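K.L.:
missing the sequence, but the structure's below:
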């Protein structure tokens, strides 16, 4: 009788452990999927901004046809990759799009009159804000993916991961150079980075005595 009770207790504890492990995996998977959806929303917002941006710059640099075609193609590839939901396809496509955008902003730098175009300034600011949101969402997703993948490999969760079709997810990693929208500076304007204004020249009394050019010893004895 005692042995039967022990067996029942063990079975109950094991069942409770597996139930808790399963629920834990579900929560982590849902959190990871939610984090990915935030990235997806911001990437789509980025894609929607690009046609207007290209059109605005094209109005002042129509002869830069190759650059506009490269951006348009990169955007189309990024949209196609985004439809798959696979980070392994999305990341390279988004990196290529970032590179094309850098070329577009490089073209814009050659046309100072664009700084007076309100639509271009607004598009640039919106795109910069979108890139910041993508970066924040990317960090949150990668943290969630790390916790989820780690849970899949630990006992006793690894016992139920396979039978219940829990699969590891890929990280969303981008190249460091592609994480920021290039700043566009025009002749006569200063970069957005804060620079300290030059201070007044030091007062003469603060400079100290002039450095000695040699060491003078005592006069020779007569």
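P.N.:
Done, it's in. Being a predicted model, the structure only gives us computed values, none of them experimental.
K.L.:
Check the spacing between residue 103 and residue 22 real quick.
P.N.:
49 Å (C-beta to C-beta, to the nearest Å). Any C-beta I mention is one placed from the backbone N, CA and C, and that applies to glycine too.
K.L.:
So residue 82 is in contact with residue 97, correct?
P.N.:
No. With contacts counted by C-beta atoms under 8 Å, residue 82 stays clear of residue 97, the gap being 10.4 Å.
K.L.:
Tell me how many other residues surround residue 155.
P.N.:
Residues within reach of residue 155, counting by other C-beta atoms under 10 Å, total 8.
K.L.:
where does it land in three-state SS?
P.N.:
Residue 155 carries the three-state label coil when classified by DSSP: H, G, I helix; E, B strand; the rest coil.
K.L.:
Let me see the confidence value for it.
P.N.:
Per-residue pLDDT puts residue 155 at 84.
K.L.:
now the residue at minimal distance from the centre of the chain: how far from residue 35?
P.N.:
Centroid-nearest residue in the chain: residue 135, 3.1 Å away (criterion: C-alpha atoms, centre = their mean). For residue 135, the distance to residue 35 equals 13 Å [C-beta to C-beta].
K.L.:
now swap in residue 88 and tell me
P.N.:
17 Å.
K.L.:
Give me the more crowded residue out of the two.
P.N.:
Set side by side, residue 88 and residue 35 show more neighbours around residue 35, with 22 against 11, by other C-beta under 10 Å.
K.L.:
Which pLDDT value does the model give that one?
P.N.:
94.
K.L.:
Could you pull up the contacting residues of it?
P.N.:
137, 140-141, 143-145 (C-beta atoms under 8 Å, 6 or more residues apart in numbering).
K.L.:
pLDDT below threshold where in this protein?
P.N.:
175-222 (pLDDT under 70).
K.L.:
at 90 what do you get?
P.N.:
Where the chain drops to pLDDT under 90, the residues are 1-22, 58-65, 85-88, 105-121, 124, 154-164, 170-222.
K.L.:
Check the secondary structure at residue 33 for me.
P.N.:
Per three-state DSSP, residue 33 ends up helix.
K.L.:
Next, work out how far apart it and residue 86 are.
P.N.:
Taking C-beta to C-beta, one finds residue 33 at 14 Å from residue 86.
K.L.:
if you count what's nearby, which of the two comes out ahead?
P.N.:
A count of neighbours by other C-beta under 10 Å puts residue 33 above the other of residue 33 and residue 86, at 14 against 11.
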